[in-house]
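Trainee: Coordinates for the following, if possible.
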Amino acid sequence: MAVTVQVTFDCADASALSKFWAALLGYVFEPPPEGFDSWEAWARDASIPEENAAAAIDPEGRGPRLFFQRVPEGKVAKNRVHLDVNVGAGLHGEEQHEHVRREAARATALGATEVLVFDDRGDFWIVMRDPEGNEFCLQ
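Mentor: As a prediction, this is how the structure comes out:
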């Protein structure tokens, strides 16, 4: 049995948040179904009320689909689930630390904020928040 995973983000601005995550992860926006020039056209044809939603996919087909949907309520507490983005895979020591720091600077330029740097007994990662305050880790 094949299993696929979609990660869904409840957010205030699906368009902006999807652009952040697509840029951070090297994802692309999912093309609309055949016969439609946009997801909005597809939704209108399917009589789906206008909504603020977006989907991004891994162009290599390895990572999960990311779906972003606007919800009326704001974020009020720490995430119960967060993403660990392993940008330093295969690197070790100071080389891994420097690469993670560069990726944290890139994430910050995209709109993230740095929360905490964890560097203890060989473990190293940086806790970040995306533009809507969702926590994630770069390691």
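Trainee: shaky segments in this structure?
Mentor: Residue ranges of the chain with pLDDT under 70: 1-2, 50.
Trainee: Which segments of it make up each domain?
Mentor: Per automatic domain parsing, the structural domains of the chain span 6-70, 83-138.
Trainee: Out of those domains, flag the one nearest Val76.
Mentor: Relative to Val76, the nearest member of the domains of the chain by CB to CB is domain 83-138, separated by 9.8 Å. For glycine as for every other residue, the C-beta is placed from the backbone atoms N, C-alpha and C.
Trainee: The residue nearest the centre of the chain in helix, strand or coil?
Mentor: For the chain, the residue nearest the mean C-alpha position is Trp21 (3.4 Å; CA atoms, centre = their mean). Recorded secondary structure, Trp21: helix (DSSP: H, G, I helix; E, B strand; the rest coil).
Trainee: From the rest of the structure, what touches stretch 81-95?
Mentor: Residues outside stretch 81-95 that contact it (CB atoms under 8 Å, 6 or more residues apart in numbering) are 7, 24-25, 96-97, 99-100, 103, 124-125, 134-139.
Trainee: Using neighbour counts, pick out the buried residues of it.
Mentor: Neighbour-count burial for stretch 81-95 flags Leu83, Val85, Val87, Gly88 (criterion: 16 or more other CB atoms under 10 Å).
Trainee: Redo these as CSV? Include secondary structure and distance to Asp45.
Mentor: CSV is the format used below for those (DSSP: H, G, I helix; E, B strand; the rest coil; distance: CB to CB, whole Å):
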residue, secondary structure, distance to Asp45
Leu83, strand, 33
Val85, strand, 36
Val87, coil, 39
Gly88, coil, 44
